[in-house]
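Q: Sequence unavailable; structure follows:
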């Protein structure tokens with residue numbers, strides 16, 4: 001009799017454990033997403049090395065003033081001591097009465113901030129702005145008949161660098177995402 005009860009309890013335990021292992025929970029979905037996305041994910045931006053500002057133009061001169069957003073960005077980084085901007089003036093009279101005053105600006109990143117440079121070419125610095133990290137699961141919809149699920153979650157921008165702080169207010173702090181998952185014989189997988 002004790003053997004029969006022990007056998008029934010063992011069978012009940014095995015059936016319940018097998019059934020539970022196929023259930024998708026928020027914590028299981030979170031671990032699958034984190035493993036798949038490999039957080040934290042660095043987010044990079046581009047800063048041009050050269051800029052031109054046309055202060056005065058007359059006649060048929062193809063040139064335009066520096067965009068206000070670019071001017072503000074350069075002034076912000078310069079005021080914090082992150083970059084140095086070398087300026088060179090160029091005045092020129094052209095045939096047919098054209099004239100321009102152009103300012104050549106060359107951007108240099110100060111040594112203590114070069115650690116944020118991801119890549120560099122002849123025209124631009126590619127610098128780290130922040131990290132994107134997993135924030136939370138916001139919804140979980142399981143379709144039992146198809147053994148599929150849709151998981152809605154949020155990522156969050158975090159660990160802002162001095163370069164990224166300028167853009168922090170313009171970028172969404174939280175990013176809505178979704179992932180499709182399917183149940184296989186060995187468990188849930190992201191599609």
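A: Good, I have the coordinates. Here the structure is a predicted model, which means the values were calculated and not measured. Numbering: from 1, shown residues only.

Q: How about residue 49: what's its closest non-neighbour residue?
A: residue 107 (5.2 Å; CB to CB, 6 or more residues apart in numbering). Heads up, the C-betas are built off the backbone N, CA and C, glycines and all.

Q: Likewise for residue 129?
A: residue 164 (3.1 Å).

Q: coming back round to it: next, count neighbours for the residue nearest to residue 49.
A: 18 (other CB atoms under 10 Å).

Q: In the sheet, which residues pair with it? Tell me.
A: Judged by DSSP bridges, the bridge partners of residue 107 are residue 85.

Q: quick one: it and residue 48 touch, right?
A: Yes - with contact defined as CB atoms under 8 Å, residue 107 counts as touching residue 48 (7.0 Å).

Q: Contacts only, for the residue nearest to residue 49.
A: By CB atoms under 8 Å, 6 or more residues apart in numbering, the contact set of residue 107 is 47-51, 74, 83-85, 125.

Q: Show me which pair in the residues you listed is furthest apart.
A: Farthest apart among the contacts of residue 107 by CB to CB are 48 and 84. That separation is 14.8 Å.

Q: how near is residue 105 to residue 92?
A: 17 Å (CB to CB, to the nearest Å).

Q: What of residue 131?
A: 46 Å.

Q: ditto for residue 129
A: Look at residue 129 and residue 92: by CB to CB, they are 37 Å apart.

Q: got it, and residue 77?
A: With CB to CB as the criterion, residue 77 and residue 92 are 29 Å apart.

Q: sorry, back to before: quick one: which of the contacts of residue 107 is most hemmed in?
A: Neighbour counts for those peak at residue 125, which has 23 neighbours (criterion: other CB under 10 Å).

Q: Report the central residue of this structure.
A: Residue closest to the mean C-alpha point of the chain, counted by CA atoms, centre = their mean, is residue 43 at 3.4 Å.
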